[in-house]
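Colleague: based on what follows, work out the 3D shape:
(chains A and B)
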Amino acid sequence: DAGVIQSPRHEVTEMGQEVTLRCKPISGHDYLFWYRQTMMRGLELLIYFNNNVPIDDSGMPEDRFSAKMPNASFSTLKIQPSEPRDSAVYFCASSLPGPQARLFFGSGTQLSVL
Amino acid sequence: AQTVTQSQPEMSVQEAETVTLSCTYDTSENNYYLFWYKQPPSRQMILVIRQEAYKQQNATENRFSVNFQKAAKSFSLKISDSQLGDTAMYFCAFDRTGNQFYFGTGTSLTVIP
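Modeller: Prediction:
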């Protein structure tokens, strides 16, 4: 398996623009997670899905953030409109459940909002 | 709520020496999983080692081993024969159910040649 695949690797945009981050989890993994990493706040869980269904989105900062998982092999995280404080590295990770649980991370998207 | 504490923001070690990174956690659960992840400058998050709380034996992976003290809620990582490639941020993580991973704030380790 190629692992968790994220795109783009880098994204530079201007304040107010829409940003869409993409993720392909490892095939067969039931859980998909979106994390945000900043120096100030470390790794924050934004949202996670189980079998394509959003389970906990309490970490989503505000209504400008939304995430979807239309099928088992694809998820998006959208920010609209983007703000400079959204600048961070966004990670997608997937996992099997229960005793086999361990996070496999994608390579992350470095987002810079100017 | 579960919390994970890494009290050493930065550490350094001489190449070929041994270093131990500390991690404590707080939970009322009896069954859970603990992890150490490594994040080198490439920013890729890499699983180093995993421990199941119901197993008393400490996990080992080559030069990496843990000291798991369940009663003390302590989960330290020992790196033996440190190599330059071990330079990275190291994150301790706790998982209760297989879908709720909590991370510490990380320890930045520098291996000095």
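
Colleague: could you find the closest non-adjacent residue to residue 79?
Modeller: Picked chain A for this. If the residues on either side of it in the chain are set aside, A:I79 comes closest to A:V19, at 4.5 Å by C-beta to C-beta, 6 or more residues apart in numbering or on different chains. Using the backbone N, CA and C atoms, a C-beta is placed for each residue, glycine as well.

Colleague: I was thinking of chain B, sorry if that wasn't clear
Modeller: The spatial neighbour of B:I79 that comes closest, neighbours along the chain excluded (C-beta to C-beta, 6+ apart), is B:V19 at 5.2 Å.

Colleague: can you check the pLDDT for the one you found?
Modeller: For B:V19, the model assigns a pLDDT of 98.

Colleague: gap between the residue nearest to B:S74 when sequence neighbours are not counted and chain A?
Modeller: Of all residues not flanking B:S74 in the chain, B:T24 sits nearest, at 5.3 Å (C-beta to C-beta, 6+ apart). Summarising the geometry, the distance separating B:T24 from chain A, computed by C-beta to the nearest C-beta, to the nearest Å, is 16 Å.

Colleague: what distance do you get for B:T24 to A:S82?
Modeller: In this structure, B:T24 lies at 37 Å from A:S82, with C-beta to C-beta, to the nearest Å as the measure.

Colleague: before we move on, what about B:V66?
Modeller: Distance from B:V66 to A:S82, counting by C-beta to C-beta: 40 Å.

Colleague: against A:V89, how distant is the spatially most central residue of chain A?
Modeller: For chain A, the residue nearest the mean C-alpha position is A:W34 (3.1 Å; C-alpha atoms, centre = their mean). According to C-beta to C-beta, A:W34 stands 12 Å off from A:V89.

Colleague: try B:Y33
Modeller: The separation that B:Y33 has from A:V89, given C-beta to C-beta, amounts to 24 Å.

Colleague: which ones are touching A:S82?
Modeller: Contact criterion C-beta atoms under 8 Å, 6 or more residues apart in numbering or on different chains gives A:T13, A:E14, A:M15, A:G16, A:Q17, A:E18, A:V19, A:R64, A:L111, A:V113 as the residues in contact with A:S82.

Colleague: many thanks, I have nothing further to ask.
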